[in-house]
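Trainee: Have a look at this fold, sequence not included:
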């Protein structure tokens with residue numbers, strides 16, 4: 001079973017990668033962006049609830 005630190009690390013990595021994909025696709029494929037944005041919000045809420053300060057990680061800032 002993964003430790004809390006491992007779970008946080010995986011979520012931080014996913015949050016960062018998702019933003020890398022979201023930024024260039026926003027204008028090109030708005031429907032895809034909206035789908036990605038839903039996951040972005042889920043990760044943001046989860047990381048915040050786990051006590052992770054995502055201020056520096058959040059490049060979307062919506």
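Mentor: Nice, I can see it. Computed from a prediction, not measured in an experiment: that's the story for all the values here. Residues are numbered from 1 along each chain as shown.
Trainee: Can you pull out the residues in contact with the longest helix seen in the chain?
Mentor: Longest helix of the chain, by residue count under DSSP state H: helix 4-25. When contacts are defined by C-beta atoms under 8 Å, 6 or more residues apart in numbering, helix 4-25 is touched by residues 2, 32-33, 36-37, 39-40, 43-44, 46-47, 50, 52, 54, 57-60. Quick note: C-beta positions are derived from backbone N, CA and C, even for glycine.
Trainee: can we see that at 7 Å?
Mentor: 32-33, 36-37, 39-40, 43, 46-47, 50, 52, 57, 59-60 (C-beta atoms under 7 Å, 6 or more residues apart in numbering).
Trainee: Could you give the separation of that helix from the chain centroid?
Mentor: 5 Å (C-alpha atoms, centre = their mean, to the nearest Å).
Trainee: immediately after that helix, which helix or strand?
Mentor: Next in sequence after helix 4-25, counting helices and strands by DSSP states H and E, comes helix 30-49.
Trainee: For that following helix, what is the distance to the chain centroid?
Mentor: Chain-centre distance of helix 30-49: 6 Å, with C-alpha atoms, centre = their mean.
Trainee: buried set for it?
Mentor: Of the residues in helix 30-49, 33, 36, 37, 40, 43, 44, 47 count as buried by neighbour count, 16 or more other C-beta atoms under 10 Å.
Trainee: list the helices and strands that helix packs on?
Mentor: When contacts are defined as 3 or more C-beta pairs under 7 Å, 6 or more residues apart in numbering; DSSP states H and E, helix 30-49 packs onto helix 4-25.
Trainee: which of the residues in the helix it packs on are buried?
Mentor: For helix 4-25, a neighbour-count test (16+ other C-beta under 10 Å) marks 8, 11, 12, 14, 15, 18, 19, 22 as buried.
Trainee: Redo those residues as JSON lines? Include pLDDT.
Mentor: Listed next are these as JSON lines, based on pLDDT from 0 to 100:
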{"residue": "8", "pLDDT": "94"}
{"residue": "11", "pLDDT": "96"}
{"residue": "12", "pLDDT": "97"}
{"residue": "14", "pLDDT": "97"}
{"residue": "15", "pLDDT": "97"}
{"residue": "18", "pLDDT": "97"}
{"residue": "19", "pLDDT": "96"}
{"residue": "22", "pLDDT": "96"}
